[in-house]
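Student: my questions are about this predicted structure, shown below with the sequence.
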Amino acid sequence: MKLSLYLALAALCAGCATAPKHVAPELFAVVPGADGHVGAIVVHTEGDTRVIDSAYGAERISSDGTRETTHVTAAEVRETFGTTLAALPGKPTSFVLYFLEGKDELTPESKVEMEKVFSELKRRPLPDIMVIGHTDSVGSMTSNDRLSLARAERMRVLMIDLGIPAERIQAAGRGKRELLVPTEDSVPEPRNRRVEISVR
Amino acid sequence: MRKWIIAAALSVAFPAMAADVGLIKVSKGSVQIQRGAEKMPAAVGSGVQTSDVILTGADGSAGITFTDNSLVSVGPNSVFAIDKYHFDTTTHQGEFEGNLKQGRLAAISGKMVKQSPESMKVRTPSAIMGVRGTEFVVQVGEKTN
């Protein structure tokens, strides 16, 4: 009876201290962003810290705990992480569309651009959208406040028509308070007649 | 006979209202959120809280946006726990500690890491990874090609 207890204890200890630990292999890799930006990660294990800061730079930890600093290829990342990367929500981003002078109607160029923006918005399953309208410095504060809000509201309605739930879109007008191109008062400037659409 | 009505202050113990720290934006196949003993389907629009565990099946993948704009997705057959998360929208200070117990993860760090590098960490069974920015992937288990 004493012996069996001793054996049981010995078996227990062998498991915790001396047996080589077997864990799942691990892989960490830095992936260049859509804009080409390459970041950095730091992988710490007991007494071993390594910085990975090159495009597709990677750290592998094998089942027996050995570490290797290496590289993976873009193709390997696609193969292993394709489904995972496809599930990444869209990055918060913003778009600018331009309007005709004194109107809440888009310029012909921005009408074309709008199609692209809207298809990008539609790709997001649950977007949080902020539309902010602006004007140039022609006209009074009051009339520009009204015009900027009309521009934002116009875009909001188009998005709702597109099937985006109304409660996910906020619209606001900033009048001539936030000129993209700073000008004196009463200067017609096409680049200031715009809406900014931010989506998260 | 006089009856004394003693008005005692009632201390009603509300369970601490846990705040959402993220939102499920993408959910494909089988995806569940485990919160304590409860498991619920992680539909698009579900809130994610600290201590939640995201579980995906063989056909599952999910994408989450966090309040600091960091983005995290998990692939099939994955177990990802949000061990710690807090973010101050004014100072952009915070702490995000995820735990990939199994499976695959991709992420793009947000404002927190921009403010203080390595405030976002991903634990795995063998290591702790600090994030200095921006986009990275992690795999635990299966073949690593």
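Tutor: Arrived safely.

Student: for the rest of this, base every contact and every neighbour count on C-alpha atoms.
Tutor: Noted.

Student: okay, now residue A:120: neighbour count?
Tutor: 12 (other C-alpha atoms under 10 Å in any protein chain shown).

Student: quick one: contacts of the helix or strand containing it?
Tutor: Assigned by DSSP states H and E, residue A:120 falls within helix A:108-122. Identification of contacts with helix A:108-122 by C-alpha atoms under 8 Å, 6 or more residues apart in numbering or on different chains yields A:95, A:97-99, A:127, A:159, A:164, A:199.

Student: repeat that for stretch A:56-69.
Tutor: A:20-32, A:43, A:52, A:70-74, B:126.

Student: again with stretch A:46-55
Tutor: A:29-32, A:38-44, A:58-59, A:69, B:127.

Student: let's go with 7 Å and repeat that
Tutor: A:30-32, A:38-44, A:58 (C-alpha atoms under 7 Å, 6 or more residues apart in numbering or on different chains).

Student: domain ranges for chain A?
Tutor: Domain segmentation of chain A under automatic domain parsing yields A:20-86, A:93-199.

Student: biggest separation within the contacts of stretch A:46-55, which pair?
Tutor: Within the contacts of stretch A:46-55, two members stand farthest from each other by C-alpha to C-alpha: A:32 and A:44, at 21.4 Å.

Student: beta partners for residue A:198?
Tutor: On the basis of DSSP bridges, residue A:198 is bridged to residue A:94, residue A:130.

Student: and it, what's its pLDDT?
Tutor: At residue A:198, the pLDDT value in this model is 89.

Student: for it, what are its contacts?
Tutor: Residue A:198 touches A:93-95, A:129-131, counting by C-alpha under 7 Å, 6+ apart.

Student: how about 8 Å then?
Tutor: Residue A:198 sits in contact with A:92-95, A:129-131, where contact means C-alpha under 8 Å, 6+ apart.

Student: now do the buried residues in stretch B:86-96.
Tutor: Of the residues in stretch B:86-96, B:86-87, B:92-96 count as buried by neighbour count, 16 or more other C-alpha atoms under 10 Å in any protein chain shown.

Student: which one of these is nearest to residue B:63?
Tutor: residue B:96 (16.2 Å).

Student: ok, residue 131 - how many residues close by?
Tutor: I went with chain A, as the question did not name one. Counted with other C-alpha under 10 Å, the neighbours of residue A:131 add up to 24.

Student: that's the wrong chain, I meant chain B
Tutor: Neighbours of residue B:131 under the rule other C-alpha under 10 Å: 28.

Student: same question, the one 3 residues further on
Tutor: Other residues lying near residue B:134 total 21 when counted by other C-alpha under 10 Å.

Student: where does residue A:154 fall, secondary structure wise?
Tutor: helix A:141-161.

Student: quick one on the thing from earlier: from the contacts of helix A:108-122, which is closest to residue B:52?
Tutor: Nearest to residue B:52 among the contacts of helix A:108-122: residue A:127, at 22.7 Å, using C-alpha to C-alpha.
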